[in-house]
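Q: The amino acid sequence is not available; the structure is as follows:
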């Protein structure tokens with residue numbers, strides 16, 4: 001029972017990180033002594049603009065919409081976990097710990113949204129597990145609807161990128177790839 005309460009405490013206390021400015025996270029991570037590979041990766045993620053800031057500076061709300069719909073399910077997950085806080089299970093403890101770790105990176109939207117993908121898988125496993133136990137289909141339908149909204153918004157906002165990437169004759173079949181002329185400069189453009 002104490003372990004369950006510890007995970008709940010970590011989860012609830014991690015919400016304070018949602019209000020921290022990005023500069024504090026950058027300062028904390030720069031004070032840690034990482035290997036050179038991790039240090040370089042941390043610099044790439046933490047310095048400069050993330051994709052939401054880039055969207056605001058470019059005057060495009062598309063980046064903000066994609067980000068909003070990609071994390072909308074997490075708001076539902078927070079509420080679900082808070083309203084069912086008295087339940088205990090291994091999946092729930094794993095999810096609470098995962099959310100607590102990911103919440104620390106909330107001010108850095110690139111990192112937060114990337115690591116949230118792993119938490120999404122754990123959350124779906126928890127819902128399936130609790131559906132088996134409680135026979136309540138409503139949470140599964142809500143999360144399925146939120147995932148569908150995310151997919152639809154990505155198709156609408158990123159339609160030009162998707163069309164340019166996947167609807168060329170070279171991407172339709174591997175047969176055409178063998179006849180495409182490739183220069184060393186093509187590898188540098190990616």
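A: Yep, it's here. Computed from a predicted structure; not experimentally measured.
Q: Buried ones in the helix ranked longest in the chain, by neighbour count?
A: In the chain, ranked by residue count with DSSP state H as the criterion, the top helix is helix 109-134. Neighbour counts using 16 or more other CB atoms under 10 Å place 109-113, 115-116, 119-120, 122-124, 126-127, 130 of helix 109-134 among the buried residues. Bear in mind the C-beta positions are built from the backbone N, C-alpha and C, glycine included.
Q: Quick one: list the elements packing against the very next helix or strand once past that helix.
A: As assigned by DSSP states H and E, the chain's next helix or strand after helix 109-134 is helix 138-157. Judged by 3 or more CB pairs under 8 Å, 6 or more residues apart in numbering; DSSP states H and E, the packing partners of helix 138-157 are helix 62-83, helix 109-134.
Q: quick one: average confidence on stretch 64-77?
A: Mean pLDDT, stretch 64-77: 81.
Q: In this structure, what helix or strand scores lowest on average pLDDT?
A: Here the helix or strand of the chain ranked lowest by mean pLDDT, DSSP states H and E is helix 184-189, holding a mean of 58.
Q: Can you pull out the low-pLDDT segments for the chain?
A: The chain contains residues with pLDDT under 70 at 1, 26, 29-30, 32-63, 161-162, 164-180, 182-190.
Q: Recalculate using a threshold of 90.
A: 1-4, 16-77, 83-85, 87-91, 104-117, 120-121, 123-190 (pLDDT under 90).
Q: Where does residue 85 sit: helix, strand or coil?
A: Here residue 85 is recorded as coil under DSSP: H, G, I helix; E, B strand; the rest coil.
Q: how about it, what does it touch?
A: Taking CB atoms under 8 Å, 6 or more residues apart in numbering, we find residue 85 in contact with residue 8.
Q: For the helices and strands packed on helix 138-157, give me TSV that also has distance to residue 158.
A: Output for the helices and strands packed on helix 138-157, formatted as TSV (distance: least, CB to CB, whole Å):
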stretch	distance to residue 158
helix 62-83	7
helix 109-134	14
